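1. Curious how this folds, go ahead:
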Amino acid sequence: RVLSVYAMTEALPIAIASAEEKLAHSGGDLLGAPLPGVGVRIADDGELFVSGPHLARRYLGEDPLTEIATGDLARLEEGRLVLLGRKKDMILRDGVNIYPGLYEPAISALPGIAEAAVVGLADPETGDEEVVLAVVPAEGYDETLLRKALPEIVDALAIPTRIETINAFPRSGRADKLDRAALRELVARRT
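-> From the prediction side, this is the model:
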């Protein structure tokens, strides 16, 4: 049995879900029900805040913590937390919040796609963000087929304005995570 623990350095643990539960769930990453004693609050912007006896007492030199912002966007669904993405990764278009993490796995699973990432670029004319899909192509990549497949797996308001192919995504940190800021700069220079 495989269990996935949702936690952060300042609040360990928050929720647990089994692999079976996660695989059976669609529409975000199922984190599970908050553990006993864990308080959760979803802010107006969708950010998850947690509280409870499992919190770190304080940051060095700061006031005691009563709750902490996770930086994650989530929703409560039947008493279970569902992760939608990172707050700093959210894209705003026409008043709608777009969470790249909801779409990237499905796009990456399409034939001819090695990796996919959705980023937003500020549009000074509209005040909104342009939605750009960056892909690392694999054998058999065909942009026409990709464009035809997108409406089936991406909500209408999240359909990318443009698609950029890149040899490799910029990465950073010990975990070799996608560097979204560097990717934004990379695709912005291509306009």
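
2. Report the central residue of the protein.
-> Nearest to the mean C-alpha position of the chain, by CA atoms, centre = their mean, lies Gly85 at 2.5 Å.

3. for the protein, what spans make up the helices?
-> Per DSSP state H, the chain carries helices over the ranges 19-24, 100-108, 143-153, 180-188.

4. Output the third one as PDB, restricted to C-alpha atoms.
-> Right, the one you point to is helix 143-153. What follows is helix 143-153, C-alpha atoms only, in PDB (Å, rounded to 0.1, in the frame of the first residue of the first chain):
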ATOM      1  CA  GLU A 143       1.400  20.800 -33.400                       C
ATOM      2  CA  THR A 144      -1.800  20.500 -35.500                       C
ATOM      3  CA  LEU A 145      -2.800  17.300 -33.600                       C
ATOM      4  CA  LEU A 146      -1.900  19.000 -30.300                       C
ATOM      5  CA  ARG A 147      -4.200  21.900 -31.100                       C
ATOM      6  CA  LYS A 148      -7.000  19.500 -32.000                       C
ATOM      7  CA  ALA A 149      -6.600  17.600 -28.700                       C
ATOM      8  CA  LEU A 150      -6.400  20.600 -26.400                       C
ATOM      9  CA  PRO A 151     -10.200  21.400 -26.300                       C
ATOM     10  CA  GLU A 152     -10.800  17.900 -25.000                       C
ATOM     11  CA  ILE A 153      -8.500  18.200 -22.000                       C
END
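
5. quick one: average confidence on that helix?
-> In this model, helix 143-153 has a mean pLDDT of 96.

6. Can you list the buried residues in it?
-> Leu146, Ala149, Leu150 (16 or more other CB atoms under 10 Å). To be clear about C-beta, it is placed using only N, CA and C from the backbone, and glycine gets the same treatment.
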